[in-house]
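**Student:** Show me how the following folds:
(2 chains)
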Amino acid sequence: MPYVLMKLFEEAPRRFDEWMRILTLGRLPEIREEIASSAAAPGVQVLEIGCGPGTLASLLASRGANVAAIDSSEEMLQEAKRKIEGLDIKTRVQLKNLSAMEIEDQFAERTFDRVIGILVLSELTDDEIDYILDECRRVLKSNGQLFVVDEVEPEKVLRRWLLRGLRCPMRLVTFLVLQAKDLKSSSLWKKVLYYVIEFPLMLLTFLVVPPATHPITDLDERVKSAGFRIVKSKNFLGGTLRLVQAERPA
Amino acid sequence: MTTIAPAPEMGGEPKPQPPQPPQVKPIAASLGNQGSKAERRPSGNSFAAFLATIGQLPKRIFQTVFRVVPYPTKPGLIRIGNPGRTSPVLVTTNYDLTVRRMLRALKGLDCYLLVAPSAGIDVWCAATGGRFSIANVISILKTSRIGELVSHRRLILPQLSATGINIFELRKRSGWSAVFGPVRAEDIPEYLATRRRAESMIRVSFTVTERLEMATAMWGSLCLRYTLFPCLIFGWGIAPWFLVIVGILSVGVALGCFKLPGKTFVQKAGFLGLLGIVALVATLLFPWHPTTLFIIKGVVLAALASFLAGTAFPSYSPLWPCGYSKLFYGACDLRLTVIEEQCIGCKICDLVCPVECFSLTENRKMIFADAEICVGCGACLIQCPTDAIINEVASEHRIQTAHG
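**Tutor:** Residues are numbered from 1 along each chain as shown, chains lettered A, B, ... in the order given. The predicted structure follows:
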């Protein structure tokens, strides 16, 4: 599935989870459960990068883990706060407005038993991905585990081209809709006028500028070259979504 | 246009890569080697350079005509010359043209250039639109591992990034202190030599060359946006005429922006359009003249083109606020005031102002002296460390981009 649409739903934190469930054809809640059951245990220290509205963080905390959940979007964190407010797990979840690039400044070496990132890497540049994987290893204790779930290019050629074919129109839709992001306060006729005037330039920009999210190539290889030992890899949705579980060697 | 001679190594890459597209080089090199004699080598090399320039031509033309379209290049660390542990660290955005101009300006110096990921947009637009922010600077600081290469923690930011990067906040979040360098890349060598920004380095200019550049960019985007509409009425045959008329008016308005009569740019462009219309109608007095239909078409095109060029021009200038953002984004006018009690006289507002709105009073406080020339970029509002500058028009300020 083309998760490029995710960029659209990030604008609406309240319904983000619901949209992501649809976008992953119902698999994401399942994947979260799977991660929570193997990652969380009472007293385990977990870092979640890009926690969004805090769904996984509360799952982990309800199993007794202490979770540091970071996200660079203030709106998402507000939503996460709303979600865990009033629950007894509140004390075990620490929300922080922090981008993935700032982990280094906030967390000391060998702080966590688990580091988890769901659909965060695909929004970053290649250099950023390698840097963050490196940081994940740094903040993990010996034998601590990393869980990454992200969009990948399917290994089978036919499927890969199918995905690319599917991504292209989705990308265009996402791109065009996001163009109106700053026009929220404008009236309808202004929006229509805006699209009529700007459409050719939008199209040209679309062709020149790389997409906001991109499937990750060689996810396993990159995790390995960041100094991890792969414990388990698993494909979902025809090989478009991949879960990699890896361990920091002692 | 000249080519950039230095082939800087991209940091963090296993293989050093020159900034030119790699496919150009092998072809040029193989052609250059055809003259196998040793003495023909130099001419072969310059021929290779010539071919490389030709290979770059489509990109250059695209970037000139469609200047408003982002054109990303790879973010990363570029070593200029032979930098050491105390060499200066400059930051810029990953707009291809910006990086190329930086490389050209920095030729012969020893320094590090950090190309931050900013969606392929130029410094001023990216900073104002939130694509060149503290997060982007932090990203490039981390991925380039520049902290391991230099012993200091001091960045030189382009001055026009002041609309998006609060340097006090940057220091708090990244541990790097930052100063603003000159507006234009060409001034960087002098700035690095003297460590002083002359008045001319702080303010934007709008020279004839710059105006022609922007006229070309405006022509490109106006043609791309609007050619369809006259064609729907008069048929496709009219398209070349439209391109020509828009071209003439774009150049006319840009060159005459200070001199033409009229208060607004629609009036100024309208004046030019009117001259054309009068000339066209005047041909009726002569025994030989174009058909009436031709004249009607000409009048409509001239009127349309002068309206379009007039409304668009401020967006393509560094000196006048953009009308588009007001219409579509609901950006309001900026009418700024400095709250005297809160002003500590640090002068940062003046040091980031691309025009010259501020002046110092006798008791060492700043005042917003010249509202007429304010471009509404919002740099002073972003930078003021004590929030002493407020916008009278709206409490929640929305920046009006001066640059498209």
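**Student:** Break the chain down into its domains, please.
**Tutor:** No chain in the question, so chain A it is. As assigned by automatic domain parsing, chain A contains the domains A:3-154+A:213-247, A:157-208.
**Student:** wrong one, I was asking about chain B
**Tutor:** Split by automatic domain parsing, chain B gives B:73-202, B:208-317, B:331-391.
**Student:** highest average neighbour count across the ones you listed?
**Tutor:** Highest mean neighbour count of the domains of chain B: domain B:73-202, a mean of 20 (counted as mean count of other Cβ atoms under 10 Å in any protein chain shown). Backbone N, C-alpha and C define where each C-beta goes, glycine included.
**Student:** Distance of the most far-flung residue of chain A relative to its centre relative to chain B?
**Tutor:** Largest separation from the mean C-alpha position in chain A: A:Trp189, at 35.4 Å (Cα atoms, centre = their mean). Computed as Cβ to the nearest Cβ, to the nearest Å, the A:Trp189 to chain B distance reads 11 Å.
**Student:** so where's chain A uncertain?
**Tutor:** Counting by pLDDT under 70, chain A has low-confidence residues at A:1-2, A:184-185.
**Student:** Pick the most buried one from the domains of chain A.
**Tutor:** domain A:3-154+A:213-247 (a mean of 19).
**Student:** Show me how far that one is from its chain's centre.
**Tutor:** 6 Å (Cα atoms, centre = their mean, to the nearest Å).
**Student:** Check stretch B:203-220 too.
**Tutor:** On Cα atoms, centre = their mean, the centre of stretch B:203-220 falls 9 Å from the chain's centre.
**Student:** Just the mean pLDDT for it, thanks.
**Tutor:** For stretch B:203-220, mean pLDDT rounds to 95.
**Student:** contact partners of it?
**Tutor:** Here stretch B:203-220 makes contact (Cβ atoms under 8 Å, 6 or more residues apart in numbering or on different chains) with B:64-68, B:160, B:183-184, B:246-247, B:250-251, B:253-255, B:257, B:309, B:312-313, B:316-319, B:353-356.
**Student:** So which of these would count as near chain A as well?
**Tutor:** Restricting the contacts of stretch B:203-220 to those touching chain A (Cβ under 8 Å from any Cβ of the partner chain) yields B:66, B:68.
**Student:** now, which of the contacts of stretch B:203-220 lie within strands?
**Tutor:** Of the contacts of stretch B:203-220, none are assigned to strands by DSSP state E.
**Student:** Which one of the residues in chain B is closest to chain A?
**Tutor:** B:Thr143 (4.0 Å; Cβ to the nearest Cβ).
**Student:** hang on, that residue packs against A:Ile129?
**Tutor:** No. Judged on Cβ atoms under 8 Å, B:Thr143 makes no contact with A:Ile129 at a distance of 9.4 Å.
**Student:** Start from the N-terminal end of the chain and give the strands.
**Tutor:** By default, I'm working from chain A. A:45-49, A:66-71, A:93-97, A:112-118, A:140-151, A:229-236, A:241-247.
**Student:** not quite, I wanted chain B
**Tutor:** In chain B, the strands defined using DSSP E lie at B:76-80, B:89-93, B:111-116, B:154-157, B:177-180, B:336-338, B:358-360, B:366-368, B:389-391.
**Student:** JSON lines for the ones you listed, including distance to A:Ser37 and mean pLDDT?
**Tutor:** JSON lines is the format used below for the strands of chain B (distance: least, Cβ to Cβ, whole Å; pLDDT from 0 to 100):
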{"stretch": "strand B:76-80", "distance to A:Ser37": "40", "mean pLDDT": "96"}
{"stretch": "strand B:89-93", "distance to A:Ser37": "44", "mean pLDDT": "98"}
{"stretch": "strand B:111-116", "distance to A:Ser37": "40", "mean pLDDT": "97"}
{"stretch": "strand B:154-157", "distance to A:Ser37": "45", "mean pLDDT": "97"}
{"stretch": "strand B:177-180", "distance to A:Ser37": "46", "mean pLDDT": "96"}
{"stretch": "strand B:336-338", "distance to A:Ser37": "57", "mean pLDDT": "88"}
{"stretch": "strand B:358-360", "distance to A:Ser37": "61", "mean pLDDT": "90"}
{"stretch": "strand B:366-368", "distance to A:Ser37": "60", "mean pLDDT": "88"}
{"stretch": "strand B:389-391", "distance to A:Ser37": "53", "mean pLDDT": "86"}
